[in-house]
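K.L.:
Following is a predicted model, sequence given first.
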Amino acid sequence: MSFSTSGTFRPVILDDIRGAQKMLAGVARMTAMEGSRHLSQLVGAPVHLKCENLQRTGSFKLRGAYVRISGLSPVERAAGVVAASAGNHAQGVALASSLLGVRSTVFMPMGAPLPKVAATREYGAEVRLHGQVIDETLAAAQEYAHETGAVFIHPFDHPDIIAGQGTVGLEILEQCPEVRSIVVGIGGGGLAAGIAVAVKAVRPDVKLIGVQAEGAAAYPPSLAAGHPVSIDAPSTMADGIKVGCPGDVPFKIIGDLIDEVRTVSEDELSSALLLCLERAKLVVEPAGASPVAALLSDPRSFKGPVVALLSGGNVDPLLMQRILRHGMAAAGRYLSLRLRLTDRPGALAALLGSLSVVDANVLDVSHVRTDPRLGLTEAEVELQLETKGPEHCELVAATLRDAGYTVMS
């Protein structure tokens, strides 16, 4: 739908996105828009969460994949499609292909989470595990396309993908017509670009804020240079936006239409995920929580009403466990302490008694009595505590010092 007769790309326009919306009727859900009282209080204006984590396959990726594959010719469909992904795009391509009766092969990294691999297979794709990093996986998928004639379905760098993702923007305008700011995570840029085309064509006054993880922020230097710039070894827990170089097609749109790109830290991402789970009762992956992380980072800088897009909810349970611990530590809900005490009978019990007085819940204790660093009558204790916030952490540490303990950290 977005090729010219010469085979070159033409710009994505509002009509493309409206056409994609008709194509997706009965395929993609119009996902819920949920208000957040807690975030609204922080921002000082209404905040709504657009829940693409509740979309089929658990993310927005189905939209673009379905539109892209729908646009293939009969000859291209007969050759099948191939994709490379660590998770969300894989599942989107697999389901879209099955719905359209097209054979799909998806290459995934060797270390891809098992639930995502299993889901991709269940949606109908042949899964091939290859490479330790996504770049190796991507190269294998492209080689497969060259050898077999299968059509490579890029996760973000194609106008049809962008048009499909842009349908999220049309839904936001329908569900929250008074919106003044939209906050969206950016990886390669397909989702942000699609939303930007849809929203700015109808409501040019709406401010669009893109969000990247600090360790995988390719857009700020790219926008400064005026062309896509690769960053070395992007690193973040938010694998859904862990992209080392912007796509050529979305980059031009984002440069023209996105008002601002911000970055968020790993602590802010984990705190945002924890907030979504505790306050909104929503399971969101780190990339999906990046707009919430931006709101938490500087809440009073947004004009409301604000819509924060939760782009996906596919998170491995083991990763979720680690992130929640990290988020609780960032929020002052965990406290790690190392301290010295006299090595005598009852000393550890007395220490634990002091902690019970200030209502600190002990999660783990390591009691070391034999170490060359310790004096003859000394012992060292490492404590992992569950606390109620930063003020409670300070109270616990102060109480232990007042009781005569030497707090090392």
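P.N.:
Cool, the structure landed. Remember, it's a predicted structure, so these values are computed and weren't measured experimentally.
K.L.:
Which parts of the stretch 201-350 of the chain are helices?
P.N.:
Under the criterion DSSP state H, counting those that start in this stretch, helices of the stretch 201-350 of the chain are mapped to 219-225, 248-257, 266-279, 290-297, 317-330, 347-357.
K.L.:
nearest to residue 139, of those helices?
P.N.:
helix 248-257 (18.2 Å; Cβ to Cβ). Where C-beta positions appear, they are placed from N, C-alpha and C, glycine not excepted.
K.L.:
Redo the helices of the stretch 201-350 of the chain as JSON lines? Include mean pLDDT, distance to residue 309 and mean neighbour count.
P.N.:
Compiled in JSON lines, these are given as follows (pLDDT from 0 to 100; distance: least, Cβ to Cβ, whole Å; neighbours: other Cβ atoms under 10 Å):
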{"stretch": "helix 219-225", "mean pLDDT": "96", "distance to residue 309": "16", "mean neighbour count": "16"}
{"stretch": "helix 248-257", "mean pLDDT": "96", "distance to residue 309": "15", "mean neighbour count": "20"}
{"stretch": "helix 266-279", "mean pLDDT": "91", "distance to residue 309": "12", "mean neighbour count": "22"}
{"stretch": "helix 290-297", "mean pLDDT": "97", "distance to residue 309": "6", "mean neighbour count": "27"}
{"stretch": "helix 317-330", "mean pLDDT": "75", "distance to residue 309": "19", "mean neighbour count": "16"}
{"stretch": "helix 347-357", "mean pLDDT": "81", "distance to residue 309": "42", "mean neighbour count": "14"}
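K.L.:
can you put these in CSV and add distance to residue 75?
P.N.:
Supplementary listing: the helices of the stretch 201-350 of the chain in CSV, determined by distance: least, Cβ to Cβ, whole Å:
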stretch, distance to residue 75
helix 219-225, 36
helix 248-257, 24
helix 266-279, 44
helix 290-297, 39
helix 317-330, 41
helix 347-357, 71
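K.L.:
between those, which gets nearest to residue 203?
P.N.:
The minimum distance between residue 203 and those falls on helix 248-257, with 11.8 Å, by Cβ to Cβ.
K.L.:
The closest one packs against which elements?
P.N.:
helix 159-175, helix 190-202, helix 219-225 (3 or more Cβ pairs under 8 Å, 6 or more residues apart in numbering; DSSP states H and E).
K.L.:
Just the angle for it relative to helix 159-175, thanks.
P.N.:
Relative orientation of helix 248-257 versus helix 159-175 (axes from the mean of the first three to the mean of the last three Cα atoms, to 10 degrees): 40 degrees.
K.L.:
What is the distance between helix 248-257 and the centre of its chain?
P.N.:
Between the mean C-alpha point of helix 248-257 and the mean C-alpha point of its chain there is a distance of 21 Å (Cα atoms, centre = their mean, to the nearest Å).
K.L.:
Please renumber the chain so that the first residue is 213 from this point on.
P.N.:
I'll keep to 213 as the first residue from here, and by that count the last item is helix 460-469.
K.L.:
and the angle from it to helix 402-414?
P.N.:
Between the direction of helix 460-469 and that of helix 402-414, the angle (the same axes, to 10 degrees) works out to 40 degrees.
K.L.:
dump the residue contacts of the closest residue to residue 269 other than its chain neighbours.
P.N.:
Of all residues not flanking residue 269 in the chain, residue 303 sits nearest, at 4.1 Å (Cβ to Cβ, 6 or more residues apart in numbering). Listed by Cβ atoms under 8 Å, 6 or more residues apart in numbering, the contact partners of residue 303 are 269, 270, 271, 273, 274, 297, 328, 331, 332, 335, 526.
K.L.:
what do you get for residue 456?
P.N.:
The contact partners of residue 456, taken as Cβ under 8 Å, 6+ apart, are 347, 428, 430, 442, 443, 444, 445, 446.
K.L.:
how much space between the residue nearest to residue 477 when sequence neighbours are not counted and residue 473?
P.N.:
Distance criterion Cβ to Cβ, 6+ apart; nearest residue to residue 477, sequence neighbours excluded, is residue 426 at 5.4 Å. When distances are taken as Cβ to Cβ, to the nearest Å, residue 426 and residue 473 turn out to be 12 Å apart.
K.L.:
Looking at those two, which is more packed in?
P.N.:
Counted by other Cβ atoms under 10 Å, residue 426 and residue 473 do not tie: residue 473 has more neighbours, with 20 against 14.
K.L.:
Quick check: the more buried one vs residue 594, distance?
P.N.:
From residue 473 over to residue 594 the distance is 41 Å, taken as Cβ to Cβ.
K.L.:
and what of residue 532?
P.N.:
For residue 532, the distance to residue 594 under the criterion Cβ to Cβ works out to 25 Å.
K.L.:
now do residue 279
P.N.:
Computed as Cβ to Cβ, the residue 279 to residue 594 distance reads 54 Å.
K.L.:
the more surrounded of the two?
P.N.:
residue 279 (32 against 15).
K.L.:
Which of the contacts of residue 303 fall within helices?
P.N.:
Assignment to helices by DSSP state H places the following of these there: 273, 274, 328, 331, 332.
K.L.:
Give me the buried entries from the contacts of residue 456.
P.N.:
Neighbour counting with 16 or more other Cβ atoms under 10 Å marks 428, 430, 443, 446 as buried within those.
K.L.:
Would you reformat those residues as a markdown table and include distance to residue 394 and pLDDT?
P.N.:
Listed next are the buried ones among the contacts of residue 456 as a markdown table, based on distance: Cβ to Cβ, whole Å; pLDDT from 0 to 100:
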| residue | distance to residue 394 | pLDDT |
| --- | --- | --- |
| 428 | 21 | 93 |
| 430 | 21 | 94 |
| 443 | 25 | 90 |
| 446 | 24 | 87 |
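K.L.:
Generate CSV for those, with distance to residue 462 as supplementary columns.
P.N.:
CSV is the format used below for those (distance: Cβ to Cβ, whole Å):
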residue, distance to residue 462
428, 15
430, 12
443, 16
446, 17
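K.L.:
Just give me the closest of these to residue 409.
P.N.:
Comparing the buried ones among the contacts of residue 456 against residue 409 with Cβ to Cβ picks out residue 430 as the nearest, at 20.5 Å.
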